[in-house]
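*Asks:* fold the following and give me the result.
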Amino acid sequence: MDPMADLTTDELFAPDALLDLSRPTTDAGVLSIYVDADSRADPGLQGAAIDLKNRLAQLERNIAADGPPERARALRDRVERLAPEIERLTSPQERGRGRALFVPLGDGQVIRFSSQMPLVNRVVLDAGAFVHPLLELLDEGRPAGVLLVSHDEARLLEWRLGELHPLERVEPDVIEAPHERSGPVGSSPVDRRGTPKREQRQARDRDQALRFLDRVGATASRLASEHGWERMLISGGDRLTEPMAAALNGPPGVMLIRDPRVLTGLDHASLSATVTESMHAQHDAYEARLVDDARQAALGPGAGALGLSEVAGALNEGRVTHLVYDPEIRYQGAIGTDGRLHAGDEAAPADSPLVPEPRLTERLVERALETGARVTPVEGAAAGPLAEAAGIAALLRW
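*Replies:* Take a look at the predicted model:
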């Protein structure tokens, strides 16, 4: 029986989780399988099962053609032995839309992962686990705050990887009305609209509402600091969304996503889907700003690197704070005997012969993770603002 382990979403967010996963565990390599189990267009996931079968067969043909024969045989034997586990990836009964399986060809633990967010269908055999789809998932699905406020209560939740997790609930203080001076005796209801009693009640209601929003804002700020949120969705209808945003004083750096719809009445599944849609739209805008920031930093007075050669050099020196690259581009280069990364056809230094590395992208990401840099894959970057840089850039520490 092959040893199995489930990688949870909490474990995936650990600082070194992806780096540990990408490191080689056996000389034979690791088979990484990703499946988008979208049952909306494919209820029985038959299409996904056929696609996975074809991808595995193509990989086996490629490995058999490239050699050595022992590696092709090890791949075939491992796939056959784990057939039931691979079939689970396309089972309608299994949980999660995005599913992954990491299988070492030699001895080692098989790791399973699932998420409510989609993963692109991929089958890759490399020295370590192929983690690029998880990088995209983590960057878009990073934890965010969700604040739903009404006159009766405020609910604070955390959204991560397409799922909502309740955190706290805040209710308004119940304050007993003080003695109120009544209006003139015998006055009509129309005349009493401006009486001291009514004005006192309105002032008291305003004060109570402001105190409630301040309490909610303080609670939300505390949770944002504790959980490291970079963004927070606020929904309070037309009347409360903006006042709630105004009452939220910090922490600095948290982007507020205002949703004036009334979301408090949605069931949990509908609320999760609605928030996920908003977070996806926000992430698209965030990626566009990030690409532009990296490009402007490299071309202007800021600290930035543009193009494969500059980025590889900065990674070698540990200067990268945020790596941006197009996951559709297969960057190639070489690695020196001193471990330095080299782009494309750069000439070998006299004291460090180069070993060709057709999977330079993986090595770039590993180096970024090893040096504490953030990594954001941006699909289409090579066709947009980073076209002249082959879709790769970086923000630098200095």
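
*Asks:* show me where pLDDT drops low in the chain?
*Replies:* Applying pLDDT under 70 to the chain picks out residues 1, 174-195, 204, 250, 348, 350-351.

*Asks:* mind listing what's buried along stretch 245-252?
*Replies:* Ala245, Ala247, Leu248 (16 or more other CB atoms under 10 Å). All C-beta atoms are positioned from the backbone trio N, CA, C, and that covers glycine.

*Asks:* any buried residues in stretch 343-361, and which?
*Replies:* The neighbour-count criterion (16+ other CB under 10 Å) identifies Ala343, Glu346, Leu354, Glu357, Leu360, Thr361 as the buried residues of stretch 343-361.

*Asks:* which one of those residues is nearest Val324?
*Replies:* Lowest distance from Val324 to the buried residues of stretch 343-361 (CB to CB) belongs to Thr361, with 12.6 Å.

*Asks:* rewinding a little: closest one of the buried residues of stretch 245-252 to Pro84?
*Replies:* Using CB to CB, the buried residues of stretch 245-252 come closest to Pro84 at Leu248, 49.8 Å.

*Asks:* residues in contact with that closest one?
*Replies:* Contacts for Leu248 (CB atoms under 8 Å, 6 or more residues apart in numbering) come out as Leu147, Gly217, Ala220, Ser221, Met232, Ile234, Leu256.

*Asks:* try it again at 6 Å.
*Replies:* Gly217, Ala220 (CB atoms under 6 Å, 6 or more residues apart in numbering).

*Asks:* where's it relative to Arg258, distance?
*Replies:* From Leu248 across to Arg258, the span is 11 Å (CB to CB, to the nearest Å).

*Asks:* any idea which of the buried residues of stretch 245-252 is closest to Leu21?
*Replies:* Distances from Leu21 to the buried residues of stretch 245-252, taken by CB to CB, are shortest for Leu248, at 36.1 Å.

*Asks:* just the closest of the buried residues of stretch 343-361 to Ala48, please.
*Replies:* Out of the buried residues of stretch 343-361, the member with the shortest distance to Ala48 (by CB to CB) is Thr361, at 25.4 Å.

*Asks:* next one: the nearest residue to that closest one once chain neighbours are set aside relative to Val120, how far apart?
*Replies:* Closest residue to Thr361 apart from its sequence neighbours, by CB to CB, 6 or more residues apart in numbering: Tyr331 at 4.6 Å. Using CB to CB, Tyr331 is found at 18 Å from Val120.

*Asks:* so for those two, which sits in the more crowded spot?
*Replies:* Taking neighbours as other CB atoms under 10 Å, Tyr331 and Val120 compare with Tyr331 leading, 23 against 14.

*Asks:* contacts only, for the more buried one.
*Replies:* Leu308, Leu360, Thr361.

*Asks:* sorry, back to before: narrow the buried residues of stretch 343-361 to those in strands?
*Replies:* Ala343, Leu354, Glu357 (DSSP state E).

*Asks:* any idea what sits nearest the last one, other than its immediate chain neighbours?
*Replies:* Across the structure, with CB to CB, 6+ apart as the measure, the residue nearest Glu357 apart from its sequence neighbours is Ile335 (5.0 Å).

*Asks:* state the number of residues packed around that neighbour.
*Replies:* Neighbours of Ile335 using other CB under 10 Å come to 16.

*Asks:* helix or strand for it, which one?
*Replies:* strand 333-336 (DSSP states H and E).

*Asks:* mind giving me the packing neighbours of that strand?
*Replies:* For strand 333-336, the packing partners by 3 or more CB pairs under 6 Å, 6 or more residues apart in numbering; DSSP states H and E come out as strand 341-343, strand 354-357.

*Asks:* ok, back up a step: please tell me how far the residue nearest to Glu357 sits from Leu82.
*Replies:* 31 Å.

*Asks:* now stretch 49-65, how far from the chain's geometric center?
*Replies:* Taking CA atoms, centre = their mean, to the nearest Å, one finds the center of stretch 49-65 at 29 Å from the center of the full chain.

*Asks:* export it to CSV, keeping only CA atoms.
*Replies:* This file holds the C-alpha atoms of stretch 49-65, laid out as CSV (Å, rounded to 0.1, in the frame of the first residue of the first chain):
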residue,chain,number,x,y,z
ALA,A,49,-11.6,11.6,-17.2
ILE,A,50,-10.9,11.2,-20.9
ASP,A,51,-8.7,14.3,-21.0
LEU,A,52,-6.7,12.9,-18.0
LYS,A,53,-6.3,9.5,-19.6
ASN,A,54,-5.0,11.1,-22.9
ARG,A,55,-2.6,13.3,-21.1
LEU,A,56,-1.1,10.4,-19.1
ALA,A,57,-0.8,8.3,-22.3
GLN,A,58,1.0,11.2,-24.1
LEU,A,59,3.4,11.6,-21.2
GLU,A,60,4.2,7.9,-21.3
ARG,A,61,4.9,8.1,-25.0
ASN,A,62,7.1,11.2,-24.5
ILE,A,63,9.1,9.5,-21.7
ALA,A,64,9.5,6.3,-23.7
ALA,A,65,10.8,8.3,-26.7
